[in-house]
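K.L.:
Pasted the sequence and its predicted model underneath.
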Amino acid sequence: METIMQRFIDLNKQNFAYLGVSANIENIEGKLSLALTTSNYIGSIPILSPMNGKPIGDIHVTGRYGEDASELISLLDRTVHPEYKDSLKLTQDTQLSPPIFIECCKYIDTYIEAERFHWHKFTNITREQHLPSGATLWKEYAVRTAKNPLSFDIFKNKSNELTTEHPEWNQLNYVLKLAISELESSRVPMRTRATYYSRVALLKTRLQSKQIETISKLKERMADPQIIKQLKELANIILRGRTCQQVAWRLDYAEFFERYVQFLMDGVAKQKGARNINNPHYRVSVFHQPSWGLAYLEPDIILQRDKEQYVVDAKYKSHMFNWFDNNEELKDTFRHDLHQVLAYCSFNSMQNKRALLVYPYNDFTFHKLAIRSPHTDIENTIYLVGVPMERNRIADVVKGLVQIITFA
């Protein structure tokens, strides 16, 4: 059994590493077991069988407190960008599909390759010539010459010609236009936009001189060349506006919770007429900066109206779930959180500082903590806030936060 477990770990080592999962064999009271430990990522990866090395299923890592991240990821799609790995194909459907820009990237690459193939097809073209042929449009000729006898020597003849600018390629040009538009949008991560910048710019210039034919679905034919089949398949995925392929993905969950709290505070700011500043940088200037030094401090959120401020820090930790647990580890991590938010408060000019430490919880709840200096009149008011991570409860959470956060 130990040999099989070790082979399982070795085969899936890279997949585990992608999702930040560590795997170890443990011996508990003489019984061997496989222990999997997660890190800061949620996501999905395929797993390989230790018997034959083939995919046999998937591992899904979710939030620690039972929340459904997929419904919130779609809500925060402009600020949250899951990572995807095309080389790791899942065996089952997940609630989270790769965004369409991944298919647009594939389409750009495949389109460039297909252009080099020079896909020719016969197309029916009508040309004006000075001699008739077996395909002359005589009805059109009769009507035209009746109106203008001087045009008697002009004949409109139909002919089949082999060309690369046929209707199906013009339809593929239309999908190319959609793909370029998607890759230029703010929904696409900056790194991807930078990678495809030169290719997009070149194709965009070429597209100006090409014919475009609007289409809702391309016909996929068995007789099409293989590269064209691939291009049409990608084109139809883009036209449907979604991808059917399920691939491994991951998301830094601490960052995701931070973005969720920023979204909540944006709703509070709108109701309070305040300014919501996300991730401001407080620069640290040192003449001789040590290698372990900090370049800047970065609070998650500053909520400001006139000269009043609230500092908000989001922590994806279990403190609100363990309110009555006298645990040294909880004390140490809370002390760190508290010191951190007090440091951020020191940068505003208010005599009485105010801040929120926001943690996940089953229901909206808050506890007020006051810290007063015995040497000055300065007081720090810290609210420990628990927020549920459910889309249908966001309005109630924002309502609760509006009651806590007050401006003069």
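P.N.:
Alright, I've got the coordinates.

K.L.:
Ser33: what secondary structure?
P.N.:
The three-state label given to Ser33 by DSSP: H, G, I helix; E, B strand; the rest coil is strand.

K.L.:
what about it, neighbour count?
P.N.:
11 (other Cβ atoms under 10 Å). For every residue, glycine as well, the C-beta is placed using N, CA and C.

K.L.:
Was I right to think it contacts Ala23?
P.N.:
No - using Cβ atoms under 8 Å, Ser33 is not in contact with Ala23, being 11.2 Å away.

K.L.:
Pull up the per-residue confidence for the residue in the chain sticking out farthest from the centre.
P.N.:
Distance from the C-alpha centroid of the chain, by Cα atoms, centre = their mean, peaks at Pro149 (65.4 Å). Pro149 carries a pLDDT value of 86.

K.L.:
cool, and Ala69?
P.N.:
Value listed for Ala69 in the pLDDT field: 81.

K.L.:
And it, how far from His319?
P.N.:
Per Cβ to Cβ, to the nearest Å, Ala69 is found 20 Å from His319.

K.L.:
Equivalent analysis for His281, please.
P.N.:
Shown here: His281 relative to His319, a distance of 27 Å by Cβ to Cβ.

K.L.:
ok, these two, which is more surrounded?
P.N.:
His319 (20 against 10).

K.L.:
Does the residue nearest to the more buried one when sequence neighbours are not counted belong to a helix, a strand or coil?
P.N.:
Distances taken as Cβ to Cβ, 6 or more residues apart in numbering place Tyr359 nearest to His319, at 5.2 Å, with adjacent residues excluded. Secondary structure state of Tyr359, per three-state DSSP, is strand.

K.L.:
Repeat that for the one 4 residues further on.
P.N.:
Following three-state DSSP, we place Asp363 in the coil state.

K.L.:
Please read off the pLDDT at it from the model.
P.N.:
Looking at Asp363, the pLDDT reads 94.

K.L.:
show me what contacts it?
P.N.:
Gly386, Pro388 (Cβ atoms under 8 Å, 6 or more residues apart in numbering).

K.L.:
Could you measure from it over to Ala69?
P.N.:
19 Å.

K.L.:
cool, and Leu207?
P.N.:
With Cβ to Cβ as the criterion, Leu207 and Ala69 are 38 Å apart.

K.L.:
Would you mind telling me which of these two has more residues around it?
P.N.:
Ala69 (22 against 15).

K.L.:
The spatially closest residue to that one that is not a sequence neighbour: neighbouring residues, count only.
P.N.:
Excluding the flanking residues, the one nearest Ala69 by Cβ to Cβ, 6+ apart is Gly63, at 5.6 Å. Gly63 sits with 16 neighbouring residues when counted by other Cβ under 10 Å.

K.L.:
list the contacts for Gly63?
P.N.:
Ile42, Ala69, Tyr253, Pro360, Met389.

K.L.:
if we can go back for a sec, so in terms of bridging, what pairs with the residue nearest to His319?
P.N.:
Tyr359 forms beta bridges with Gly386, as assigned by DSSP bridges.

K.L.:
Over to Ile302?
P.N.:
Going by DSSP bridges, Ile302 forms beta bridges with Ile277, Val311.

K.L.:
what does Gln129 give?
P.N.:
For Gln129, the beta-bridge partners are Phe155 (DSSP bridges).

K.L.:
Could I get the contacting residues of it?
P.N.:
Here Gln129 is in contact with Ile154, Phe155, Lys156, Asn157 (criterion: Cβ under 8 Å, 6+ apart).
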